[in-house]
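Colleague: no FASTA, just this:
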Ligand code: BTN
C-alpha cells in the first residue's frame, strides 16, 4: 500500500499534494476529484488509488494498471481567468513528469504529443487533463498513470510491444511515494513559471523532449475534418505542426482534435 509517511518525508510543495487521499479502489481518480471540486481545499488534494475499476485514458480508452507497482493519481489545478492555460497545461504536466522521471529513475524519457511519456518506442506513463467549471472557476483535473515497478509479465500480451515501466528500463525499483512528491514539486514550479512568464520555456522544453518523435505519420481528427501528415514541430502556442503535403503545414492544438500515430518506429 502507498506509504503516506514516506510520501510526507519527500513532499516539498506549498500548493499541491498537502492533503493526500489514498484509496484501495475507485472508479477513476479523475472522477473522484471532479465530484469534489466544491471543496475549498481541492487544490491541495491529491488522490492516489491502488486500483481503478474505470480508469480512463484519452478518447475514452481505458487505463488499467496493476496495484502495488504502478501509480494512478489526480489533482485539481485552478486556472486563473487571465491565463489561457488550457492549451499548455498537459504539456506542462508532461515536461514536469519527464524531468522527474529522468532524474529519479536515471532513464531518458521523451514526450509524444500531447500526453504520452515514452522511453524509446514504448509508453511508460499517460496524462489525462479534463477541463471543468465549478462555481464560476475554471479547473483542470489532471490525472496521471505511471508504470513504475511493473514487471513485464504483469502487462497483458497486447501491450508487450508498446508499453514499458521504469523498472524494466532502469533495472531498479523507484519509490512511488518519492516519485509522486517530486512530480508535484516540479509541476508546481513549472506552473508558477508559466503563470509569471508565459509558456515559452515549457514549450521549448517540450519541443526538445518531443523531437525524437517528429517525422512520424499522424492522423488528426478535429471538428469533423481528418488530416493526415508528418509531425514536424511544436508551435510557440503549444500546438503540433504537421506537414500535410510537401511544403504545406498545419498546426493543431491538443484538446481540439484526436491524434492517432502509427505504431512507434513506423515512420
Ligand atoms: C492516456 O494515456 O491516454 C492517459 C492515461 C491517464 C491515466 C490516469 S490514471 C489516473 C487518472 N485516472 C484516470 O481515470 N485516468 C488517469
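Modeller: In hand now; what should we look at? If you're wondering where the values come from, they're calculated on a predicted model, not measured in any experiment.

Colleague: What count of nearby residues applies to the residue of the stretch 51-200 of the chain found nearest the ligand?
Modeller: Closest contact between the stretch 51-200 of the chain and the ligand, by Cβ to the nearest ligand atom, is at residue 126 (2.0 Å). C-beta coordinates here come from the backbone N, C-alpha and C atoms, glycine included. Neighbours of residue 126 under the rule other Cβ atoms under 10 Å: 24.

Colleague: Verify the contact between it and residue 63 for me.
Modeller: Yes - using Cβ atoms under 8 Å, residue 126 is in contact with residue 63, at 6.6 Å.

Colleague: where do the contact lists of the two overlap?
Modeller: Both residue 126 and residue 63 are in contact with 57, 145, where contact means Cβ atoms under 8 Å, 6 or more residues apart in numbering.

Colleague: following the one helix or strand residue 192 maps to, which helix or strand shows up next?
Modeller: Per DSSP states H and E: residue 192 is located in helix 176-197. Scanning forward in sequence from helix 176-197 by DSSP H and E, the next helix or strand is helix 200-210.

Colleague: can you give me how far that following helix is from the chain middle?
Modeller: 15 Å (Cα atoms, centre = their mean, to the nearest Å).

Colleague: show me what contacts residue 146?
Modeller: Contact analysis of residue 146 by Cβ under 8 Å, 6+ apart lists 70, 71, 72, 97, 101, 117, 124, 125, 166, 179.

Colleague: and if we set it to 6 Å?
Modeller: Neighbouring residues of residue 146 by Cβ atoms under 6 Å, 6 or more residues apart in numbering: 71, 125.

Colleague: Kindly report the same for residue 155.
Modeller: residue 163 are the contacts of residue 155 under Cβ under 6 Å, 6+ apart.

Colleague: That one and residue 66: what is the separation?
Modeller: Going from residue 155 to residue 66 by Cβ to Cβ, to the nearest Å gives 9 Å.

Colleague: same question, residue 189
Modeller: Counting by Cβ to Cβ - residue 189 and residue 66 are separated by 31 Å.

Colleague: same deal with residue 169?
Modeller: In this view, residue 169 and residue 66 are 17 Å apart by Cβ to Cβ.
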